[in-house]
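**Student:** below are the sequence and a predicted model; questions follow.
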Amino acid sequence: MKKLLTLLFAAALTLSLSSAAFAQDTSSSAPADKKEAKAEKKAAKKEKKAAKKEKKAEKKDEMKKDEPK
């Protein structure tokens, strides 16, 4: 009876410790996804801004070419 009680206690202890480990894993992965999405959004915004700046510079050069001398 004592061995059965010890085995039951060990199983309960193992189960409680493993559930805490799984709970920690799911919470740590969520912020990483959020940070990754934020970084991707920031990179896309930066690319868009650079493209807009380049287009503006091309337009300015084109306007200079068309000016009569």
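**Tutor:** In hand now; what should we look at?
**Student:** show the contacting residues for Ala50.
**Tutor:** By Cβ atoms under 8 Å, 6 or more residues apart in numbering, the contact list for Ala50 is empty. The way it works is simple: take the backbone N, C-alpha and C, and place the C-beta from them, glycine included.
**Student:** from Lys56, how far off is it?
**Tutor:** Noted for Ala50: a distance of 11 Å to Lys56, by Cβ to Cβ, to the nearest Å.
**Student:** for Ala37, same thing?
**Tutor:** 29 Å.
**Student:** avg pLDDT for stretch 43-60?
**Tutor:** For stretch 43-60, the mean pLDDT works out to 90.
**Student:** typed the wrong thing, it's stretch 9-21
**Tutor:** On average, stretch 9-21 scores 87.
**Student:** roughly how far out does that stretch sit from the chain middle?
**Tutor:** The chain centre lies 31 Å from the centre of stretch 9-21; the measure is Cα atoms, centre = their mean, to the nearest Å.
**Student:** give me phi/psi at the residue nearest to the spatial centre of the chain?
**Tutor:** Centroid-nearest residue in the chain, with Cα atoms, centre = their mean: Glu36, separated by 1.9 Å. Reported as degrees, to the nearest 10, the phi and psi values for Glu36 are phi -60, psi -40.
**Student:** just the pLDDT at it, thanks.
**Tutor:** 87.
**Student:** now do it against Ala44, distance only.
**Tutor:** 13 Å.
**Student:** what do you get for Leu5?
**Tutor:** 60 Å.
**Student:** got it, and Glu62?
**Tutor:** From Glu62 across to Ala44, the span is 27 Å (Cβ to Cβ).
**Student:** where's Lys34, which helix or strand?
**Tutor:** Assigned by DSSP states H and E, Lys34 falls within helix 2-66.
**Student:** where's that helix relative to the chain centroid, distance-wise?
**Tutor:** Distance, centroid of helix 2-66 to centroid of chain: 2 Å (Cα atoms, centre = their mean).
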